[in-house]
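# Sequence isn't available, so here's the structure alone:
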């Protein structure tokens, strides 16, 4: 099961903030991250990972439904690379 935004709000609420404050905190954090990525900046969260905006150049592709060849336009994508600490925690959890 995935951790949802409402789950995060609930966890912030359990830290002692009001429900309204919890929603605002989570919404503002997400907006800060989105704005930074939109501006082409990387977002580094120590101990968690790094969100990066990568440029993909135009390339040839194929429509899987029709098999028709086409050109995919140049675009930007967001990638995530987890930190070593997070990777170790995840792998450590599997080994126990």
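Perfect, thanks for sending it. Computed from a predicted structure; not experimentally measured.

# Now for residue 22, how many residues are close by?
Each residue near residue 22 was counted by other CB atoms under 10 Å, and the total is 19. In short, each C-beta sits where N, CA and C put it, glycine included.

# do the same with residue 34
12.

# Need the contact partners of the host helix or strand of it.
Taking DSSP states H and E as the criterion, residue 34 maps to helix 19-38. Here helix 19-38 makes contact (CB atoms under 8 Å, 6 or more residues apart in numbering) with 5, 8, 9, 10, 12, 13, 17, 42, 43, 51, 53, 78.

# Restricted to helices, list these.
Among the contacts of helix 19-38, the members found in helices (DSSP state H) are 5, 8, 9, 10, 12, 13.

# Just the buried residues of those.
8, 9, 12, 13 (16 or more other CB atoms under 10 Å).

# And the residues you listed, which two are furthest apart?
Pairwise distances across these peak at 9.6 Å for 8 and 13 (criterion: CB to CB).

# Off-centre distance for the lowest-mean-pLDDT helix or strand in the chain?
Between all helices and strands in the chain, the lowest mean by mean pLDDT, DSSP states H and E belongs to helix 84-95, at a mean of 82. With CA atoms, centre = their mean, to the nearest Å as the basis, helix 84-95 stands 19 Å off its chain's centre.

# just stretch 9-29 next, same as before
Worked out by CA atoms, centre = their mean, stretch 9-29 lies 19 Å from the chain centre.

# likewise stretch 53-60?
With CA atoms, centre = their mean as the basis, the distance from the averaged C-alpha position of stretch 53-60 to the chain average is 19 Å.
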